[in-house]
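Trainee: Just a sequence and a predicted model for now, questions to come.
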There are 4 protein chains.
Amino acid sequence: MASVLIVYYSRSGNTKAMAGSVAQGAEEAGAQVTVKKVSEASPDDLIAADAVIFGSPTYYGLPAPKLLDFIEKSVRYHGRLEGKVGGAFASSANVGGGNETTVIALIQALLIHGFIVQGNPSGDHYGPVSVGKPDARVEGQCRELGSRVAKLASRLKT
Amino acid sequence: MASVLIVYYSRSGNTKAMAGSVAQGAEEAGAQVTVKKVSEASPDDLIAADAVIFGSPTYYGLPAPKLLDFIEKSVRYHGRLEGKVGGAFASSANVGGGNETTVIALIQALLIHGFIVQGNPSGDHYGPVSVGKPDARVEGQCRELGSRVAKLASRLKT
Amino acid sequence: MASVLIVYYSRSGNTKAMAGSVAQGAEEAGAQVTVKKVSEASPDDLIAADAVIFGSPTYYGLPAPKLLDFIEKSVRYHGRLEGKVGGAFASSANVGGGNETTVIALIQALLIHGFIVQGNPSGDHYGPVSVGKPDARVEGQCRELGSRVAKLASRLKT
Amino acid sequence: MASVLIVYYSRSGNTKAMAGSVAQGAEEAGAQVTVKKVSEASPDDLIAADAVIFGSPTYYGLPAPKLLDFIEKSVRYHGRLEGKVGGAFASSANVGGGNETTVIALIQALLIHGFIVQGNPSGDHYGPVSVGKPDARVEGQCRELGSRVAKLASRLKT
């Protein structure tokens, strides 16, 4: 059984709701899931997890500084996270408002840590994006991400 | 009066429709506008224009190869396009389907030619994106891009 | 034993040389390796491979149109490549000349196909980049990419 | 005479040295230049400047959280910075270590504020990048950025 850690920052609650759907998808796929606000997460948590998924609103086309601050602090474990599975999701106020670039930014950070990231050939390819409050489509994409990451982490664990 | 060239590739007609709205916005702002399918455009056309706007559907998160082929051929004028005004727009099948990364890819190409690119603080920040057939929101964003580019080119021309 | 396909485009020979080093690394890791110029590759080749690595020079911050044309043609197998392992490398004329954005563009395309991509915590994080002719550093990074992709494909095959 | 504000974050001193070269280039082009560490800058400073240039080391492929925190705080002036000239530069430990993606991330943030950004057809296209301590090549690229931004801001001011 793979362990999946979801670390998110949320102000309006939209990203938090997405985190909940991602968690549900990962649990349904058989993972042991932990969901943490970034203010309650420690870089130590990354070591214990088989997979890590980051979620953030879009601030000027990029993840929230508080989440990036957490990622910067994780440098103390640089190299030790190699081979874990990663994923990302984002919310924004508008279509074309920077949510894809936010997801790509998080994927770049994961790749630099040596994480393994899988895309999705249908729907939101890089990771789920919500324009405003998550609707049924976004919820489905989020569950799909959780499931995809959990299954890949499980395959790689054995 | 600034001259604005719009070069696009379109298969379904969605990007072509966006090009029409961009042209309308540029004309309303007082520019002399030329709209060309990429198959009918020549890199020579770039030399004559004060501003160039590229439009493309999203193929695997990137602009259509036919448009990139045109941009590659424009290397013969590398350096001579410096200081012109540029802009970009894209269409895709889905939200999160790569249209932002397509617009950013076109902006990167424009910057490498030395173009001057302005973002939009409201709406589609990097450039207009349409998910499927352009609706009234997208049409407005496209007119806005045309107007923005035309006005900046006009200011820089004097 | 995992099969690794390397598809590249090269004009000056720099990207071809990188492809050779990537192939060497994959072979040393025990993979069965095929190296093809994009002009000799068919999208059918992608189906047979357990892993695919794309290499390209940097044209206006993006991969060569001929390689993107190949990727566009691979749409006929969209969804069927899901779960394969992917990687990318690029060459450019200058530091800051767009080779990172070229590698990221190829990774985006791989993710949209549903590929699994791993970053490298040391050296060239997203994938190897060469400024001009590959030197010993670049050769090492390329072998590392080949080895990394081959090992991950092998783990996922069993 | 245009006013150019340079805001940077630096830990090792490499980005600070780049900021100095950018300032020199802007001054030589006739601008009135202010250079501030991000810890000493206020979003209010952005209002007064005709042009703003951001510089940062590369942390996980992205700008330093402290600089992004500053940019997030600038949201109070969202819309009021539209039409100013912008630019970006970055330092990193390695080639392929994320400095291009850091510059692109800063350009994205600038575009979302409505800034006007120009690329450089020779050298470091998106903005200067230094691998380790800035050498003569990097110093030249930095002066070039300062000069380019100052001249464009001056043209747009009249």
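Mentor: Sure, I can see it.

Trainee: quick one, helices of chain A?
Mentor: All helices of chain A, identified by DSSP state H, fall at A:14-28, A:43-48, A:65-73, A:99-112, A:136-157.

Trainee: can you list those helices in a markdown table and add mean pLDDT and mean neighbour count?
Mentor: Quick note: C-beta positions are derived from backbone N, CA and C, even for glycine. Shown next, in a markdown table, are these (pLDDT from 0 to 100; neighbours: other CB atoms under 10 Å in any protein chain shown):
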| stretch | mean pLDDT | mean neighbour count |
| --- | --- | --- |
| helix A:14-28 | 98 | 22 |
| helix A:43-48 | 97 | 14 |
| helix A:65-73 | 96 | 22 |
| helix A:99-112 | 97 | 28 |
| helix A:136-157 | 97 | 21 |
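
Trainee: Indicate which one of those is closest to A:F89.
Mentor: helix A:14-28 (5.4 Å; CB to CB).

Trainee: and that closest one, does that touch chain D?
Mentor: No. Residues of helix A:14-28 are not located near chain D by CB under 8 Å from any CB of the partner chain, the shortest gap being 14.8 Å.

Trainee: now swap in stretch A:87-105 and tell me
Mentor: Yes. With CB under 8 Å from any CB as the criterion, chain D is reached by stretch A:87-105 at A:G98, A:T101, A:A105.

Trainee: what's the closest of the helices of chain A to B:A64?
Mentor: That would be helix A:99-112 among the helices of chain A, by CB to CB, at 17.8 Å.

Trainee: just how off-centre is that closest one within its chain?
Mentor: The chain centroid and the centroid of helix A:99-112 are separated by 10 Å under CA atoms, centre = their mean, to the nearest Å.

Trainee: What residues does chain A have near chain B?
Mentor: So far as CB under 8 Å from any CB goes, chain A lies against chain B at A:61, A:94-101, A:103-104, A:123-129, A:131, A:137, A:141.

Trainee: just the residues you listed that are near chain C?
Mentor: Restricting the residues of chain A next to chain B to those near chain C - CB under 8 Å from any CB - leaves A:I104, A:H125, A:Y126.

Trainee: Give me the neighbour count for the nearest residue to A:F115 once chain neighbours are set aside.
Mentor: Spatial nearest neighbour of A:F115, excluding adjacent residues (CB to CB, 6 or more residues apart in numbering or on different chains): A:G86 at 3.5 Å. Neighbour count for A:G86, taken as other CB atoms under 10 Å in any protein chain shown: 27.

Trainee: Quick one: residues contacting A:G86.
Mentor: Listed by CB atoms under 8 Å, 6 or more residues apart in numbering or on different chains, the contact set of A:G86 reads A:A51, A:V52, A:I53, A:F54, A:I107, A:L110, A:H113, A:F115, A:I116, A:V117, A:V149.

Trainee: If we use 6 Å, what do you get?
Mentor: By CB atoms under 6 Å, 6 or more residues apart in numbering or on different chains, the contact list for A:G86 reads A:V52, A:L110, A:F115, A:V117.

Trainee: What of A:E144?
Mentor: Residues near A:E144 by CB under 6 Å, 6+ apart: none.

Trainee: could you redo the last one with a cut-off of 10 Å?
Mentor: Residues in contact with A:E144 (CB atoms under 10 Å, 6 or more residues apart in numbering or on different chains) are A:S21, A:V22, A:G25, A:A29, A:N120, A:S122, A:G123, A:D124, A:P128.

Trainee: Looking at those residues, spot the one nearest C:K36.
Mentor: Checking those against C:K36 by CB to CB gives A:N120 as the nearest, at 27.1 Å.

Trainee: which residues does that closest one contact?
Mentor: Residues near A:N120 by CB under 10 Å, 6+ apart: A:87, A:126-128, A:141, A:144-145, A:148, B:96, C:82, C:111-114.

Trainee: Surely A:A90 and A:Q141 touch.
Mentor: No. The pair A:A90 / A:Q141 is not scored as a contact, 11.4 Å apart, by CB atoms under 10 Å.

Trainee: which residues do those two both contact?
Mentor: A:M18, A:D124, A:G127, A:P128, A:V129, A:S130, B:G96.

Trainee: Kindly indicate which of these lies nearest chain C.
Mentor: For the shared contacts of A:A90 and A:Q141, the closest approach to chain C (CB to the nearest CB) belongs to A:G127, at 9.0 Å.

Trainee: And that closest one, what's its pLDDT?
Mentor: pLDDT for A:G127: 97.

Trainee: and it, how many neighbours?
Mentor: If we define neighbours as other CB under 10 Å, then A:G127 has 32 of them.

Trainee: Same question for A:H78.
Mentor: A:H78 has 14 neighbouring residues, counting by other CB under 10 Å.

Trainee: Chain neighbours aside, what residue packs nearest to it?
Mentor: C:P121 (6.0 Å).

Trainee: for A:V138, same thing?
Mentor: Per CB to CB, 6+ apart, closest to A:V138 is A:S130, 4.3 Å.

Trainee: and what of A:Q118?
Mentor: Using CB to CB, 6+ apart, the nearest residue to A:Q118 is C:I116, at 4.5 Å.

Trainee: and the one you found, bridged to which residues?
Mentor: Following DSSP bridges, C:I116 is listed with bridge partners A:Q118, C:V85.

Trainee: For the nearest residue to A:G20 once chain neighbours are set aside, name its beta-bridge partners.
Mentor: Leaving aside its sequence neighbours, A:G20 sits nearest to A:V35 (CB to CB, 6+ apart; 7.2 Å). Applying DSSP bridges to A:V35 gives these bridge partners: A:I6.

Trainee: Quick check: A:V35 touching A:A17?
Mentor: No. If you go by CB under 10 Å, A:V35 and A:A17 don't touch, sitting 11.4 Å apart.

Trainee: what sits in contact with each of the two?
Mentor: Shared contacts of A:V35 and A:A17, counting by CB under 10 Å, 6+ apart, come down to A:Y8, A:G55.

Trainee: Which residues of chain A lie near chain D?
Mentor: A:58-75, A:78, A:97-98, A:101-102, A:104-113 (CB under 10 Å from any CB of the partner chain).

Trainee: how does it look with 7 Å?
Mentor: With the criterion set to CB under 7 Å from any CB of the partner chain, chain A comes near chain D through A:59-62, A:65, A:68-69, A:71-72, A:98, A:101, A:105, A:108-109, A:112.

Trainee: one step back: thinking the residue nearest to A:Q118 is in contact with C:V85, fair?
Mentor: Yes. Assessed by CB atoms under 7 Å, C:I116 is found in contact with C:V85 at 5.1 Å.

Trainee: These two - which one has more neighbours?
Mentor: C:V85 (28 against 25).

Trainee: and that one, what does it touch?
Mentor: C:D50, C:A51, C:F115, C:I116, C:V149, C:L152, C:A153, C:L156 (CB atoms under 7 Å, 6 or more residues apart in numbering or on different chains).

Trainee: ok, so what distance separates the closest residue to A:R80 other than its chain neighbours from C:L81?
Mentor: Nearest non-adjacent residue to A:R80, counting by CB to CB, 6+ apart: A:I47, 6.5 Å away. According to CB to CB, to the nearest Å, A:I47 and C:L81 sit 32 Å apart.
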